[in-house]
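Starting from these lines, generate the structure:
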Amino acid sequence: MLDLSQGLVDKPQMVLSDNIKGASLMAASMAAFIVNDTLMKLAYDFVSMYQAMLLRGLAATAMIVVIAAWRRELKVSVPKRERGILALRVLGEVGSTTAFLTALLHMPLANLTAIMQTMPLAVTLAAAVFLKEPLGWRRWSAIAVGFCGVLLIVRPGSEGFNSFSLLALVAVLFVVLRDISTRRLNAQIPSIFVSLLTSVAVTVLAAVMAPTMEWRPLSGHALALLGTAAVCVIFGYIFSVKAMRVGEIAFVAPFRYTIMIWAILLGIFVFNDYPSQWTLIGAAIIVGTGVYSFYRERKRRILAAKVAPRNP
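Next comes the predicted model:
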(Lines give C-alpha, C1' and ligand atoms only; values in the text may rest on other atoms or scores of the structure.)
Protein backbone atom coordinates (compact mmCIF):
# COMPACT_ATOMS: atom_id res chain seq x y z
CA MET A 1 0.00 0.00 0.00
CA LEU A 2 1.22 3.50 -0.84
CA ASP A 3 2.08 5.50 2.30
CA LEU A 4 1.17 9.10 1.52
CA SER A 5 2.28 10.36 4.91
CA GLN A 6 5.83 9.24 4.16
CA GLY A 7 6.01 11.52 1.12
CA LEU A 8 4.69 14.44 3.14
CA VAL A 9 7.46 13.96 5.69
CA ASP A 10 10.29 13.40 3.22
CA LYS A 11 9.90 16.66 1.32
CA PRO A 12 10.36 19.04 4.28
CA GLN A 13 13.28 16.91 5.45
CA MET A 14 14.84 17.16 2.00
CA VAL A 15 14.48 20.97 2.00
CA LEU A 16 15.93 21.15 5.50
CA SER A 17 18.84 18.92 4.49
CA ASP A 18 19.57 21.09 1.43
CA ASN A 19 19.40 24.24 3.54
CA ILE A 20 21.79 22.84 6.13
CA LYS A 21 24.15 21.68 3.39
CA GLY A 22 24.05 25.10 1.72
CA ALA A 23 24.55 26.91 5.02
CA SER A 24 27.51 24.66 5.88
CA LEU A 25 29.07 25.29 2.46
CA MET A 26 28.60 29.04 2.86
CA ALA A 27 30.15 29.07 6.34
CA ALA A 28 33.06 26.92 5.11
CA SER A 29 33.54 29.22 2.14
CA MET A 30 33.72 32.27 4.38
CA ALA A 31 36.22 30.58 6.72
CA ALA A 32 38.41 29.61 3.77
CA PHE A 33 38.32 33.11 2.28
CA ILE A 34 39.15 34.90 5.55
CA VAL A 35 42.09 32.56 6.26
CA ASN A 36 43.27 33.23 2.70
CA ASP A 37 42.96 36.99 3.30
CA THR A 38 44.95 36.71 6.51
CA LEU A 39 47.73 34.71 4.84
CA MET A 40 47.89 37.12 1.89
CA LYS A 41 48.17 40.12 4.22
CA LEU A 42 51.01 38.35 6.06
CA ALA A 43 52.69 37.55 2.72
CA TYR A 44 52.77 41.25 1.81
CA ASP A 45 55.67 41.59 4.26
CA PHE A 46 57.78 39.38 1.98
CA VAL A 47 56.48 39.90 -1.58
CA SER A 48 54.68 42.58 -3.59
CA MET A 49 50.92 42.39 -4.13
CA TYR A 50 50.91 41.21 -7.76
CA GLN A 51 53.80 38.84 -7.06
CA ALA A 52 51.69 37.31 -4.29
CA MET A 53 48.64 37.13 -6.57
CA LEU A 54 50.66 35.48 -9.34
CA LEU A 55 52.31 32.85 -7.15
CA ARG A 56 49.09 32.04 -5.34
CA GLY A 57 47.24 31.94 -8.65
CA LEU A 58 49.71 29.54 -10.25
CA ALA A 59 49.48 27.17 -7.29
CA ALA A 60 45.68 27.42 -7.10
CA THR A 61 45.22 26.93 -10.85
CA ALA A 62 47.48 23.85 -10.89
CA MET A 63 45.53 22.27 -8.03
CA ILE A 64 42.16 23.05 -9.62
CA VAL A 65 43.33 21.50 -12.91
CA VAL A 66 44.24 18.30 -11.05
CA ILE A 67 40.85 18.22 -9.31
CA ALA A 68 38.95 18.97 -12.54
CA ALA A 69 40.88 16.30 -14.44
CA TRP A 70 40.21 13.74 -11.69
CA ARG A 71 36.49 14.54 -11.85
CA ARG A 72 36.57 14.59 -15.66
CA GLU A 73 35.31 18.15 -15.72
CA LEU A 74 38.37 19.77 -17.27
CA LYS A 75 36.77 20.07 -20.71
CA VAL A 76 33.26 21.46 -20.68
CA SER A 77 31.17 22.56 -23.62
CA VAL A 78 29.65 25.91 -22.69
CA PRO A 79 26.56 26.88 -24.72
CA LYS A 80 26.85 30.19 -26.56
CA ARG A 81 24.04 31.75 -24.53
CA GLU A 82 26.01 31.00 -21.34
CA ARG A 83 29.39 32.34 -22.47
CA GLY A 84 28.52 35.99 -21.93
CA ILE A 85 27.22 35.28 -18.44
CA LEU A 86 30.33 33.25 -17.65
CA ALA A 87 32.54 36.07 -18.93
CA LEU A 88 30.74 38.57 -16.67
CA ARG A 89 31.25 36.28 -13.69
CA VAL A 90 34.96 36.01 -14.41
CA LEU A 91 35.18 39.81 -14.84
CA GLY A 92 33.45 40.26 -11.50
CA GLU A 93 35.87 37.90 -9.77
CA VAL A 94 38.95 39.50 -11.33
CA GLY A 95 37.78 43.01 -10.46
CA SER A 96 36.77 42.14 -6.93
CA THR A 97 40.02 40.25 -6.25
CA THR A 98 42.20 43.11 -7.47
CA ALA A 99 40.29 45.82 -5.62
CA PHE A 100 40.01 43.74 -2.46
CA LEU A 101 43.68 42.72 -2.26
CA THR A 102 44.78 46.30 -2.90
CA ALA A 103 42.54 47.53 -0.08
CA LEU A 104 43.73 44.66 2.13
CA LEU A 105 47.29 45.94 1.83
CA HIS A 106 46.29 49.27 3.39
CA MET A 107 43.32 48.54 5.68
CA PRO A 108 42.67 46.58 8.90
CA LEU A 109 41.19 43.15 8.13
CA ALA A 110 38.03 43.65 10.21
CA ASN A 111 37.22 47.05 8.65
CA LEU A 112 37.60 45.76 5.11
CA THR A 113 35.60 42.62 5.84
CA ALA A 114 32.81 44.65 7.43
CA ILE A 115 32.49 46.84 4.33
CA MET A 116 32.38 43.75 2.14
CA GLN A 117 29.36 42.52 4.10
CA THR A 118 27.22 45.12 2.33
CA MET A 119 27.38 42.81 -0.67
CA PRO A 120 24.10 40.93 0.02
CA LEU A 121 22.25 44.25 0.29
CA ALA A 122 23.95 45.45 -2.87
CA VAL A 123 22.93 42.25 -4.68
CA THR A 124 19.33 42.80 -3.58
CA LEU A 125 19.44 46.36 -4.90
CA ALA A 126 21.04 45.29 -8.19
CA ALA A 127 18.44 42.57 -8.69
CA ALA A 128 15.68 45.15 -8.25
CA VAL A 129 17.27 47.66 -10.62
CA PHE A 130 18.61 45.40 -13.38
CA LEU A 131 16.54 42.22 -13.09
CA LYS A 132 13.28 44.01 -12.17
CA GLU A 133 12.78 41.86 -9.09
CA PRO A 134 10.15 43.28 -6.71
CA LEU A 135 11.52 45.22 -3.76
CA GLY A 136 9.20 46.55 -1.04
CA TRP A 137 9.68 49.58 1.16
CA ARG A 138 10.95 47.45 4.06
CA ARG A 139 13.90 46.10 2.10
CA TRP A 140 14.56 49.51 0.57
CA SER A 141 14.75 50.79 4.15
CA ALA A 142 17.10 47.94 5.10
CA ILE A 143 19.42 48.87 2.23
CA ALA A 144 19.42 52.53 3.34
CA VAL A 145 20.15 51.60 6.95
CA GLY A 146 22.90 49.22 5.81
CA PHE A 147 24.50 52.08 3.88
CA CYS A 148 24.48 54.12 7.09
CA GLY A 149 26.40 51.25 8.69
CA VAL A 150 29.01 51.55 5.94
CA LEU A 151 29.35 55.27 6.63
CA LEU A 152 30.05 54.52 10.29
CA ILE A 153 32.90 52.24 9.26
CA VAL A 154 34.30 54.44 6.50
CA ARG A 155 33.60 57.75 8.30
CA PRO A 156 34.41 60.19 5.45
CA GLY A 157 36.39 63.12 6.77
CA SER A 158 37.72 61.25 9.80
CA GLU A 159 41.41 60.72 10.51
CA GLY A 160 41.24 57.04 9.58
CA PHE A 161 39.51 57.61 6.24
CA ASN A 162 41.45 57.03 3.03
CA SER A 163 40.79 56.21 -0.60
CA PHE A 164 41.22 52.50 0.06
CA SER A 165 37.92 52.51 1.95
CA LEU A 166 36.29 53.56 -1.33
CA LEU A 167 38.24 50.85 -3.15
CA ALA A 168 36.62 48.33 -0.80
CA LEU A 169 33.23 49.57 -2.03
CA VAL A 170 34.41 49.09 -5.63
CA ALA A 171 35.23 45.50 -4.69
CA VAL A 172 31.64 45.13 -3.45
CA LEU A 173 30.30 46.26 -6.84
CA PHE A 174 32.40 43.64 -8.64
CA VAL A 175 31.25 40.95 -6.21
CA VAL A 176 27.65 41.90 -7.01
CA LEU A 177 28.38 41.36 -10.71
CA ARG A 178 29.97 38.00 -9.89
CA ASP A 179 27.12 36.71 -7.75
CA ILE A 180 24.29 37.81 -10.03
CA SER A 181 26.10 36.15 -12.93
CA THR A 182 26.55 32.98 -10.87
CA ARG A 183 22.83 32.79 -10.19
CA ARG A 184 22.08 33.09 -13.90
CA LEU A 185 24.54 30.39 -14.96
CA ASN A 186 23.16 27.07 -16.11
CA ALA A 187 23.41 24.58 -13.24
CA GLN A 188 24.82 22.00 -15.68
CA ILE A 189 28.12 23.91 -15.86
CA PRO A 190 30.35 22.29 -13.18
CA SER A 191 31.38 24.46 -10.24
CA ILE A 192 35.00 23.30 -10.54
CA PHE A 193 35.11 24.46 -14.18
CA VAL A 194 33.80 27.91 -13.20
CA SER A 195 36.40 28.04 -10.43
CA LEU A 196 39.15 27.09 -12.89
CA LEU A 197 38.26 29.88 -15.32
CA THR A 198 38.17 32.34 -12.44
CA SER A 199 41.58 31.27 -11.14
CA VAL A 200 43.16 31.40 -14.62
CA ALA A 201 41.81 34.91 -15.24
CA VAL A 202 43.11 36.25 -11.91
CA THR A 203 46.50 34.62 -12.52
CA VAL A 204 46.82 36.09 -16.03
CA LEU A 205 46.04 39.57 -14.71
CA ALA A 206 48.66 39.17 -11.98
CA ALA A 207 51.24 38.01 -14.56
CA VAL A 208 50.56 41.11 -16.67
CA MET A 209 50.77 43.48 -13.70
CA ALA A 210 53.63 41.82 -11.75
CA PRO A 211 56.42 43.60 -13.72
CA THR A 212 55.02 46.97 -12.56
CA MET A 213 56.09 46.15 -8.99
CA GLU A 214 59.37 45.09 -7.40
CA TRP A 215 59.95 41.33 -7.57
CA ARG A 216 61.39 40.27 -4.23
CA PRO A 217 63.44 37.11 -3.51
CA LEU A 218 61.27 34.27 -2.25
CA SER A 219 61.78 32.74 1.15
CA GLY A 220 60.48 29.38 2.35
CA HIS A 221 58.16 31.20 4.77
CA ALA A 222 56.65 33.29 1.96
CA LEU A 223 56.11 30.22 -0.20
CA ALA A 224 54.43 28.42 2.69
CA LEU A 225 52.07 31.36 3.25
CA LEU A 226 51.17 31.63 -0.44
CA GLY A 227 50.80 27.87 -0.90
CA THR A 228 48.42 27.61 2.04
CA ALA A 229 46.53 30.66 0.79
CA ALA A 230 46.16 28.94 -2.59
CA VAL A 231 44.59 25.89 -0.94
CA CYS A 232 42.21 28.10 1.03
CA VAL A 233 41.14 30.14 -1.98
CA ILE A 234 40.40 26.96 -3.96
CA PHE A 235 38.03 25.75 -1.27
CA GLY A 236 36.59 29.26 -1.03
CA TYR A 237 35.89 29.34 -4.79
CA ILE A 238 34.34 25.89 -4.92
CA PHE A 239 32.26 26.17 -1.76
CA SER A 240 30.96 29.64 -2.70
CA VAL A 241 29.71 28.43 -6.09
CA LYS A 242 28.15 25.30 -4.60
CA ALA A 243 26.54 27.24 -1.74
CA MET A 244 24.70 29.50 -4.19
CA ARG A 245 23.21 26.41 -5.86
CA VAL A 246 22.03 24.47 -2.81
CA GLY A 247 19.03 25.17 -0.58
CA GLU A 248 17.00 28.34 -0.24
CA ILE A 249 19.12 31.44 -0.79
CA ALA A 250 17.22 33.29 1.96
CA PHE A 251 18.30 30.58 4.42
CA VAL A 252 21.83 30.06 3.14
CA ALA A 253 23.01 33.61 2.39
CA PRO A 254 22.99 35.02 5.96
CA PHE A 255 25.66 32.48 6.90
CA ARG A 256 28.16 34.56 4.93
CA TYR A 257 28.16 36.88 7.95
CA THR A 258 30.09 34.27 9.95
CA ILE A 259 33.13 35.78 8.25
CA MET A 260 32.90 38.83 10.54
CA ILE A 261 33.55 36.72 13.62
CA TRP A 262 36.72 35.27 12.13
CA ALA A 263 37.85 38.62 10.70
CA ILE A 264 37.65 40.32 14.10
CA LEU A 265 39.39 37.45 15.91
CA LEU A 266 42.15 37.05 13.30
CA GLY A 267 42.62 40.82 13.15
CA ILE A 268 43.17 40.93 16.91
CA PHE A 269 45.32 37.82 17.39
CA VAL A 270 47.35 37.95 14.16
CA PHE A 271 47.72 41.67 13.42
CA ASN A 272 46.91 43.18 16.83
CA ASP A 273 44.23 45.31 15.12
CA TYR A 274 41.41 46.08 17.52
CA PRO A 275 38.30 47.36 15.70
CA SER A 276 36.96 50.69 16.92
CA GLN A 277 33.52 50.95 18.49
CA TRP A 278 32.27 52.66 15.32
CA THR A 279 33.47 49.72 13.20
CA LEU A 280 31.72 47.25 15.50
CA ILE A 281 28.50 49.28 15.51
CA GLY A 282 28.62 49.69 11.73
CA ALA A 283 29.29 45.98 11.24
CA ALA A 284 26.38 45.09 13.53
CA ILE A 285 24.05 47.38 11.56
CA ILE A 286 25.16 45.89 8.23
CA VAL A 287 24.77 42.32 9.44
CA GLY A 288 21.40 43.06 11.04
CA THR A 289 19.96 44.73 7.96
CA GLY A 290 21.34 41.98 5.75
CA VAL A 291 19.71 39.24 7.80
CA TYR A 292 16.44 41.21 7.85
CA SER A 293 16.57 41.58 4.07
CA PHE A 294 16.92 37.82 3.65
CA TYR A 295 14.09 37.29 6.12
CA ARG A 296 11.82 39.52 4.02
CA GLU A 297 12.87 37.65 0.87
CA ARG A 298 12.00 34.32 2.45
CA LYS A 299 8.62 35.63 3.62
CA ARG A 300 7.88 36.99 0.14
CA ARG A 301 8.64 33.61 -1.44
CA ILE A 302 6.41 31.79 1.04
CA LEU A 303 3.52 34.14 0.28
CA ALA A 304 4.10 33.76 -3.46
CA ALA A 305 4.06 29.96 -3.11
CA LYS A 306 0.72 30.10 -1.29
CA VAL A 307 -0.86 32.29 -3.95
CA ALA A 308 0.56 30.41 -6.97
CA PRO A 309 -1.77 27.35 -6.85
CA ARG A 310 -4.81 29.62 -6.99
CA ASN A 311 -3.66 31.13 -10.26
CA PRO A 312 -2.59 28.25 -12.51
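
from here on, contacts and neighbour counts on C-alpha atoms
OK.

So which bits of the one helix or strand residue 91 maps to are buried?
Using DSSP states H and E, residue 91 sits within helix 80-106. If you call a residue buried by 16 or more other Cα atoms under 10 Å, then helix 80-106 has these buried ones: 85-86, 88-105.

I'd say residue 28 and residue 238 touch.
No: with contact defined as Cα atoms under 8 Å, residue 28 does not count as touching residue 238 (10.2 Å).

Now the element after the lowest-mean-pLDDT helix or strand in the chain, going C-ward?
Ranked by mean pLDDT, DSSP states H and E, the weakest helix or strand in the chain is helix 249-252, scoring a mean of 70. Once helix 249-252 ends, the next helix or strand along the chain (criterion: DSSP H and E) is helix 258-271.

what about the helix or strand immediately after that following helix in the chain, distance to the chain center?
Counting by DSSP H and E, the element after helix 258-271 in chain order, helix or strand, is helix 277-307. What separates the centre of helix 277-307 from the centre of its chain is 17 Å, taken as Cα atoms, centre = their mean, to the nearest Å.

Can you list the buried residues in helix 277-307?
Neighbour count says helix 277-307 has 278-294, 296-298 buried, by 16+ other Cα under 10 Å.

which helices and strands sit right next to that helix?
In terms of contacts (3 or more Cα pairs under 8 Å, 6 or more residues apart in numbering; DSSP states H and E), helix 277-307 is packed against helix 109-116, helix 119-130, helix 137-154, helix 249-252.

just the ones you listed: most buried one?
The highest mean neighbour count among the helices and strands packed on helix 277-307, using mean count of other Cα atoms under 10 Å, belongs to helix 109-116: a mean of 26.

So what's the gap between that one and the chain middle?
In terms of Cα atoms, centre = their mean, the centre of helix 109-116 is set 12 Å apart from its chain centre.

before we move on, the earlier item: now the helices and strands packed on helix 277-307 in TSV, with distance to residue 221?
What follows is the helices and strands packed on helix 277-307, written out as TSV (distance: least, Cα to Cα, whole Å):
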stretch	distance to residue 221
helix 109-116	21
helix 119-130	33
helix 137-154	33
helix 249-252	36
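
Residue 65 is nearest to which of those?
Checking the helices and strands packed on helix 277-307 against residue 65 by Cα to Cα gives helix 249-252 as the closest, at 28.2 Å.

With that, I have no additional questions.
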